[in-house]
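A.B. asks: Just a sequence and a predicted model for now, questions to come.
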Amino acid sequence: MAFQECWEEWEHLDKDYQMLQETHKLYKQQLEEVIKLQNTCLTSIERQKKKYKELANNLQRCEPLDSEEHSRETEFMKELMKERQNIFFEMEAFLPKKNGLYLTLVLGNVNVTLLSKQAK
């Protein structure tokens, strides 16, 4: 192989390397954004769960009214709360979780997040 061919190969590799660096920089920025979004979602879900639990407790302690409309509205709220708890569970399936004791003992602190249904 002639020096000129080696130099051309070097230039080609150098361009590829520059593109790789830009791609990796973009990847890191987007990964940071995904992590922020994950944390925001986790915080919001926990807050929502807490508020729904408080609301459910308050509903149980409410003085029962004899009106049929009140009963329907109460049942409607309870059904929606159950439905939303299921939706929260589905949302959490795509968010990172803290490792359990066994996994931590065996593998240490491992952060694995599967971002697609196919990967799960």
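C.D. replies: Ah, there it is.

A.B. asks: C-alpha only now, for contacts and for neighbours.
C.D. replies: Will do.

A.B. asks: any idea which helix or strand comes after the helix or strand Glu79 falls within?
C.D. replies: Using DSSP states H and E, Glu79 sits in helix 68-92. Downstream of helix 68-92, the first helix or strand assigned by DSSP H and E is helix 101-107.

A.B. asks: Would you tell me what helix or strand Trp10 is located in?
C.D. replies: Going by DSSP H and E, Trp10 is in helix 3-61.

A.B. asks: Can you give the distance of that helix from its chain's centre?
C.D. replies: 11 Å (Cα atoms, centre = their mean, to the nearest Å).

A.B. asks: That helix vs helix 68-92, what angle?
C.D. replies: Counting by axes from the mean of the first three to the mean of the last three Cα atoms, to 10 degrees, helix 3-61 points 160 degrees away from the direction of helix 68-92.

A.B. asks: for helix 3-61, packing partners?
C.D. replies: When contacts are defined as 3 or more Cα pairs under 8 Å, 6 or more residues apart in numbering; DSSP states H and E, helix 3-61 packs onto helix 68-92.

A.B. asks: Now do the buried residues in the helix it packs on.
C.D. replies: 77-78, 81, 85, 88 (16 or more other Cα atoms under 10 Å).

A.B. asks: Same question for stretch 53-70.
C.D. replies: Buried-residue list, stretch 53-70, by 16+ other Cα under 10 Å: Ala56.

A.B. asks: Could you pull up the mean pLDDT of it?
C.D. replies: Mean pLDDT, computed over stretch 53-70, is 83.

A.B. asks: where are the low-confidence patches of the chain?
C.D. replies: 110-120 (pLDDT under 70).

A.B. asks: Just give the closest residue to the most centrally placed residue in it, not the sequence neighbours.
C.D. replies: The centroid of the chain falls nearest to Leu95 when counting by Cα atoms, centre = their mean (2.7 Å). In this structure, Leu95 finds its nearest non-sequential neighbour in Gln38, 6.2 Å apart by Cα to Cα, 6 or more residues apart in numbering.
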